[in-house]
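Asker: prediction below, plus the sequence it came from.
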Amino acid sequence: MLKIGFCAKPDQAAAVAAAGFDYIELPVNYIAGLNDADFTACRQVLADANISAPAFNLLFPKQMQLLEAGTEDREIADYLHAALERVRELGGTTAVFGSGKSRNRPDALAYGEAFRRLTQVTRLTGEIAEQHGVTIVIEPLNRGETNMINSLGEGACLVAAANHPRVKLLADYYHIAVEGQPEEDILRLGGIAHAHIATREGRRVPTAVDAGYARMFSAMKQTGYTGLLSIEGKTDNLAEDGPAAIRMLRSKWEEA
């Protein structure tokens, strides 16, 4: 059965569990910024809620500008070692490299040079992730959020250029829809390792059927997808919207 989770901070763990989700997807940058006492408390919150955290998002803090000339590999590596150690301590095996502000291309930097630098950073991230037993998944983001890696095709190119077994591709339905991409690109590009979903309009928790979900799920199933599906969307009532979304998504997955 497809495991469905919800992207949230630790203080929502009990609500996420109560809504019937299989897991919570936590933000790496938030976890990395906790002091030791608060991190210990975070572990206890997850234990009390009896919910796992196999996947994490928001890999880098927005103030860490990965493509700026003054950002050294050592700074990136030191952050990643500490952050991914905490991810692993919380049971995480997947970390999403979205972080649109962090990977934004400076105006003065040519695209090709920016891509080469992003490739170096991604390969370094994969090398460090391997040491912590974590897989990095590249999240293509819409052009309103970043100017680097805006399509599944570009994400697949970055994965190929990084050429590391711990660097793979993510598909996010919201970004796919905003950019007007064909969901079938998942099949054309050989599959994905993680998935996010939210509505095209308003980026909300998906409770109603959308034809695009079926196309995305069909492509995922044709590539033998066995990973997770995380809802990354807004809601005013998780207790109601969560169960409704889980029922709808599982039904569409079975039909695909």
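Answerer: All right, it came through fine.

Asker: any idea which helix or strand carries residue 56?
Answerer: Following DSSP states H and E, one finds residue 56 within strand 55-57.

Asker: same question, residue 248
Answerer: Counting by DSSP H and E, residue 248 is found in helix 238-255.

Asker: who's in contact with the strand holding residue 56?
Answerer: 5, 7, 23, 25-28, 31, 87, 90, 92-96, 98, 139, 194, 196, 228, 230, 232 (C-beta atoms under 8 Å, 6 or more residues apart in numbering). (Each C-beta comes from the backbone N, C-alpha and C, glycine too.)

Asker: quick check: neighbours of that strand in the sheet, parallel or antiparallel?
Answerer: As defined by DSSP bridges, the strand partners of strand 55-57 come to strand 23-27 (parallel), strand 94-97 (parallel).

Asker: residue contacts, residue 50?
Answerer: The contact partners of residue 50, by C-beta under 8 Å, 6+ apart, come to residue 17.

Asker: which stretches of the protein form helices?
Answerer: 13-18, 28-32, 36-49, 73-89, 111-131, 152-162, 173-178, 185-188, 211-222, 238-255 (DSSP state H).

Asker: out of those helices, which is the most enclosed?
Answerer: Mean neighbour count, computed with mean count of other C-beta atoms under 10 Å, is highest for helix 173-178 among these, reaching a mean of 23.

Asker: okay, the angle between the helix holding residue 248 and helix 211-222?
Answerer: Interaxial angle of helix 238-255 relative to helix 211-222 (axes from the mean of the first three to the mean of the last three C-alpha atoms, to 10 degrees): 60 degrees.

Asker: average model confidence for helix 238-255?
Answerer: Helix 238-255 shows an average pLDDT of 98 in the prediction.

Asker: over to stretch 78-92?
Answerer: The average of the pLDDT scores along stretch 78-92 is 98.

Asker: now do stretch 195-215
Answerer: Here the average pLDDT along stretch 195-215 is 97.

Asker: I figured residue 192 was touching residue 222, is that so?
Answerer: No: using C-beta atoms under 8 Å, residue 192 is not in contact with residue 222, being 11.7 Å away.

Asker: quickly list what's touching both of the two.
Answerer: In contact with both residue 192 and residue 222: no residue, using C-beta under 8 Å, 6+ apart.

Asker: for residue 118, see how far away the residue sitting furthest away from the middle of the chain is.
Answerer: Largest separation from the mean C-alpha position in the chain: residue 108, at 28.3 Å (C-alpha atoms, centre = their mean). Between residue 108 and residue 118 the computed distance is 15 Å (C-beta to C-beta, to the nearest Å).

Asker: next one: residue 181
Answerer: In terms of C-beta to C-beta, residue 181 sits 20 Å off from residue 118.

Asker: mind pulling the model confidence for the residue nearest the centre of the chain?
Answerer: Centroid-nearest residue in the chain: residue 96, 3.4 Å away (criterion: C-alpha atoms, centre = their mean). For residue 96, the pLDDT comes out at 99.
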